[in-house]
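Colleague: what's the 3D shape of this:
(one chain, ligands or ions: 1)
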Amino acid sequence: MLLNFTKMHGLGNDFMVVDLISQRAYLRDEQIRQLADRPFGIGFDQLLLVEPPRKPDMDFRYRIFNADGGEVENCGNGARCFARFVIDQRLTHKREFKVETLGGPLTLRVDDDGRVRVDMGTPRFAPADVPFVADSDELLHHLEIGNQRVALSVVSMGNPHAVLQVDDVDSAPVDDLGPSLQRHPSFPRQANVGFMQIDSPHAIRLRVYERGVGETLACGTGACAAVACGIRRGLLQSPVEVELRGGRLTLEWAGTEAAMFMTGPAERVFEGRIALN
Ligand SMILES: N[C@H](CCC[C@H](N)C(=O)O)C(=O)O
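Modeller: Residues are numbered from 1 along each chain as shown. So this is what the prediction gives:
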């Protein structure tokens, strides 16, 4: 069968977006891995599926699969592209709508300037919510990695995140500590690993080694995770500008039980059609 798709990105975090309202298809894990492969497939960080809602108060179901074929709970850059996509495809006449994800509901709003504002839900720090193996909720946990004692914060944005503070993101040990922490046994569902450089209370630089992908040019939930941990530690104040390798996001969080809001761009690159074997 031929599958229609749209290639999109949020700050260089790139996606294959598939409308499963106007067409029917089922993609196996192995097919997703093949499609994600950059030399031999379409090439993307995540596959985003647009599906009808299963709950009466939702407008859509938003499903996310990493390049390794694993389905995950949330994707912030993908949420902005999802919003742009359903409006451009005329799957909704609304400019603000709610989508269900494995990690919980998100509210998406497309502004007149084309930027998308997402209610990313409430950050959860309790180890059981991340999940992270620890006896108590701490601002900083410590793990032994090889001969290093690593200090990190942990938080769930629906998906699991570790956040490390570094002096200089450009020289941060992303390729070394990223994979080691991503699959550390203290993270039963693995983790996305953020390396945060604090430039001021309202500005950080960030690199993220993503679960199921590796380092990406940007990570929306990673930006939320870094800002949530920084504000909770008293090092940041809302709003925070997050500079990633692919560009900038604006994060707002009033703390504690408040929702985290993320604002940024969403771009379409091309439309395509591919034969599924
Ligand atoms: N790799 C993430 C999913 C995508 C997150 C990222 N692309 C974003 O924009 O939030 C995970 O396994 O939880």
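
Colleague: excluding chain neighbours, what is closest to the spatially most central residue of the chain?
Modeller: Residue closest to the average C-alpha location in the chain (C-alpha atoms, centre = their mean): residue 75, at 3.2 Å. Nearest non-adjacent residue to residue 75, counting by C-beta to C-beta, 6 or more residues apart in numbering: residue 64, 4.4 Å away. Using the backbone N, CA and C atoms, a C-beta is placed for each residue, glycine as well.

Colleague: which residues are in contact with the helix or strand hosting that neighbour?
Modeller: Counting by DSSP states H and E, the element that carries residue 64 is strand 60-66. Contacts to strand 60-66, defined as C-beta atoms under 8 Å, 6 or more residues apart in numbering, come from residues 27, 32, 45-54, 71-75, 78-79, 82, 86, 91-92, 97, 99-102, 106, 210-213.

Colleague: who does it pair up with?
Modeller: In the sheet, strand 60-66 lines up against strand 46-51 (antiparallel), strand 71-72 (antiparallel), strand 96-101 (parallel) (DSSP bridges).

Colleague: measure how far the helix or strand just after the last one is from the centre of its chain, please.
Modeller: Under the assignment DSSP H and E, the closest C-terminal helix or strand after strand 96-101 is strand 104-110. For strand 104-110, the separation from the chain centroid amounts to 13 Å (computed by C-alpha atoms, centre = their mean, to the nearest Å).

Colleague: also stretch 254-263?
Modeller: 15 Å.

Colleague: stretch 155-175 too?
Modeller: Distance, centroid of stretch 155-175 to centroid of chain: 13 Å (C-alpha atoms, centre = their mean).

Colleague: so what secondary structure elements neighbour the one helix or strand residue 152 maps to?
Modeller: Using DSSP H and E, residue 152 maps to strand 148-156. Packing partners of strand 148-156 (3 or more C-beta pairs under 8 Å, 6 or more residues apart in numbering; DSSP states H and E): strand 141-145, strand 160-165, helix 174-182, helix 220-232.

Colleague: using PDB, write out every CA atom in that strand.
Modeller: What follows is strand 148-156 as a C-alpha-only set of coordinates in PDB (Å, rounded to 0.1, in the frame of the first residue of the first chain):
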ATOM      1  CA  GLN A 148      32.500   9.300  38.200                       C
ATOM      2  CA  ARG A 149      29.900  10.400  40.800                       C
ATOM      3  CA  VAL A 150      27.300  12.200  38.700                       C
ATOM      4  CA  ALA A 151      24.800  14.700  40.200                       C
ATOM      5  CA  LEU A 152      21.500  14.900  38.400                       C
ATOM      6  CA  SER A 153      17.900  16.000  38.800                       C
ATOM      7  CA  VAL A 154      15.100  13.700  37.600                       C
ATOM      8  CA  VAL A 155      11.600  14.700  36.300                       C
ATOM      9  CA  SER A 156       8.700  13.300  34.300                       C
END
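
Colleague: show the average pLDDT along that strand.
Modeller: If you average the pLDDT over strand 148-156, you get 97.

Colleague: okay, buried residues for it please.
Modeller: Residues of strand 148-156 classed as buried: 150, 152-156 (neighbour count, 16 or more other C-beta atoms under 10 Å).

Colleague: repeat for stretch 110-127
Modeller: Residues of stretch 110-127 classed as buried: 110, 115-125, 127 (neighbour count, 16+ other C-beta under 10 Å).

Colleague: out of these, which are close to the ligand?
Modeller: Applying C-beta under 6 Å from any ligand atom, the subset of the buried residues of stretch 110-127 adjacent to the ligand is empty.

Colleague: show only the entries of those residues found in strands.
Modeller: Mapping those onto strands (DSSP state E) picks out 110, 116-119.

Colleague: and of those, the nearest to residue 197?
Modeller: Ranked by distance to residue 197 (C-beta to C-beta), these are led by residue 118 at 23.8 Å.

Colleague: ok, now how distant is residue 29 from the ligand?
Modeller: The spacing between residue 29 and the ligand, counted by C-beta to the nearest ligand atom, to the nearest Å, is 14 Å.
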